[in-house]
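Chemist: Model the following, please.
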Amino acid sequence: MKKDIIEQATKTLKNDLSKTQKTQKVIENMVQALNEHRIDNIGDFFENNFNWFGNYGCGTKIGLKEFQQNWQVPFQKAFSEKVCIDEARIFEGEWGAAFGRQEAIHTGTFMGIEPTNKKVKINYMDFWHVKNNKIVNNWVMVDFPDVMNQLGVDVFEGEGWEKFGNKKNKSQCYLDQNQIKDFIYRITYEIWENKKIENIRKYYAKDVIVRSPSITTFDCNKVIKATYDTLNQFPDRELIGEDVISCGSIDKTYLSSHRILSTGTHIGEGVYGKPTGKKVIYRVIADCLVKDNKVIEEWIIRDEKSILNQLGIQTYDYVKQKIKEGIYTKNNTNLIKNCFKIKNKIPACESKNKNKYKNNFLNIIKDQSNIYHLYERSAQLYWIGGELVYTLDQIFEKWKLFLSCFKISKCEISNNILLNQKNMRPRASMRWRLICKHSQNGIFGTPTNKDLEIFGISHAELGKNGIVREFILIDEISIWKQILL
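Modeler: Take a look at the predicted model:
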């Protein structure tokens, strides 16, 4: 079967090869003018009715005015200190071509991404057609998906062909965060629900540090023992992953904050006493510092009040009984005060608006009335004890009842992550400590004037006007220990 012959390179059939040097001069001078950020007199190099053909997302500009207003101006608003560097040029007759990069600073909104002040590299390819010493047509390809990737947004949502490439060249923040989430969910299910407890040795460093308000351990064997002990009390325990908020690189070091909805039936004896046969459901947040696919440091808070409530025990009574039995001693308060120490370097969160939730939280601690303009009207607060709180008035009341018991001298933030992912609200994670004095009557009884340290981990979803959903975890047992011991 005879195939039709397709005519090639029709636009260059009448190329005047004698114009090579003139074409080269026009292009070289034009690039120099772009580097001088000239807009008004860029017509020195372009015909008034020239055509600019960009790839999808950049569009087509017909005429000099459209090129100036709909390409040059918005481009320079998004990227300042822009320098164009042609890495290779070819000229032949009335035609010129180049590929290269622009180096610039992201100082304006670009593709919905607010300024990050990051230095970016913008790769491009250009073809020019020159007539009478002016450009009449310009075909351009700009690699904006790569620029967005440098700013932390993967437009391909991890499904681009790059995933088949060399991992050493991979820098997609979005892809990293999805892989981190998958890894955390997978090992959690494998260890707890598949009961492959000894596999902890595969995923935790031998000298892993695990800190909570009740205990700090420095040995993987202790992690394994604690897992066996918990499963002995709740053998049908399930750990349902609600979210993983993370920063860092899957191939290097990252910090993950894993929010878990944990369920189980209390049918074994342990720290909560004789088995009650009751089903419990409660939240846990575990922050893991992972290096080379092994957890090297972990911080964890459980909603102990929620567990005790469902077992029919008041936290105050529980702590008082443990003190009477000699299980809780003065040394326990020292463990509490060390529970959020950090040994290893934690990767910095580079997300835009990374301090938004941190600043909101600090303002709430400072003055609870700030709740009325820091939360959205539809906000939900998941409070300790398994409570779900609606409406601004009730959220205000819940924070006020808690914080009014203490005279707070300092609020410290141990870590602060804000994760932006496509088609999702920004999500934030924060580990924090309140240094305070038990100074007022309230939900923690008569004031003792004792110095306390209150530790918590928070997750939040942020909307346009403030916090939409917030999860607060505090180990209430640790507060009562400090008050009663």
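Chemist: for the residue positioned nearest the centre of the chain, what are its contacts?
Modeler: Geometric centre of the chain, nearest residue: L419, 2.2 Å, by C-alpha atoms, centre = their mean. Contact analysis of L419 by C-beta atoms under 8 Å, 6 or more residues apart in numbering lists Q177, I245, S246, C247, S351, P426, R427, A428, S429. Where C-beta positions appear, they are placed from N, C-alpha and C, glycine not excepted.
Chemist: can you check F91 too?
Modeler: With contact set as C-beta under 8 Å, 6+ apart, F91 has these partners: T20, Q21, T23, Q24, I27, A97.
Chemist: Any buried residues in stretch 207-223, and which?
Modeler: V208, I209, V210, R211, S212, P213, S214, T216, T217, C220, V223 (16 or more other C-beta atoms under 10 Å).
Chemist: Now do the helices in this protein.
Modeler: 20-35, 64-67, 73-78, 144-150, 173-188, 200-203, 220-233, 304-310, 315-324, 331-337, 356-366, 371-374, 392-403, 476-484 (DSSP state H).
Chemist: so which of those gets nearest C288?
Modeler: helix 173-188 (7.1 Å; C-beta to C-beta).
Chemist: Give me the contact list for that closest one.
Modeler: So helix 173-188 is contacted by 149, 152-154, 157-158, 163, 199, 203, 239, 241, 244, 246, 248-250, 254, 256, 258, 260, 288, 290, 293, 419, 421-422 (C-beta under 8 Å, 6+ apart).
Chemist: same check, this time on stretch 308-317
Modeler: By C-beta under 8 Å, 6+ apart, stretch 308-317 touches 266, 272-273, 276, 278-282, 304-305, 318, 385-386, 445, 476-477, 480, 484.
Chemist: so how far is it off the chain centroid?
Modeler: Distance of stretch 308-317 from its chain centroid, counting by C-alpha atoms, centre = their mean, to the nearest Å, is 35 Å.
Chemist: Stretch 477-485 now?
Modeler: Using C-alpha atoms, centre = their mean, the offset of stretch 477-485 from its chain centre is 34 Å.
Chemist: Buried residues, that stretch. List them.
Modeler: I477, S478, I479, W480, K481, Q482, I483.
Chemist: possible to save these as JSON lines with distance to K407?
Modeler: JSON lines is the format used below for the buried residues of stretch 477-485 (distance: C-beta to C-beta, whole Å):
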{"residue": "I477", "distance to K407": "22"}
{"residue": "S478", "distance to K407": "18"}
{"residue": "I479", "distance to K407": "14"}
{"residue": "W480", "distance to K407": "18"}
{"residue": "K481", "distance to K407": "19"}
{"residue": "Q482", "distance to K407": "14"}
{"residue": "I483", "distance to K407": "14"}
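Chemist: Nearest to E298 among those residues?
Modeler: Nearest to E298 among the buried residues of stretch 477-485, with distances taken as C-beta to C-beta, is S478, at 17.0 Å.
Chemist: OK, contacts around that closest one?
Modeler: P213, S214, I336, C339, I454, F455.
Chemist: Pull up the gap between the third one and G385, please.
Modeler: Computed with C-beta to C-beta, to the nearest Å, the distance linking I336 and G385 is 19 Å.
Chemist: more neighbours, these two?
Modeler: Between I336 and G385, counted using other C-beta atoms under 10 Å, the more crowded position is I336 (24 against 16).
Chemist: That one is in contact with K481, isn't it?
Modeler: Yes: counting by C-beta atoms under 8 Å, I336 touches K481, with 6.6 Å between them.
Chemist: hang on, the earlier thing: closest one of the contacts of S478 to S414?
Modeler: F455 (8.8 Å).
Chemist: Can you get me a residue count around the closest one?
Modeler: 24.
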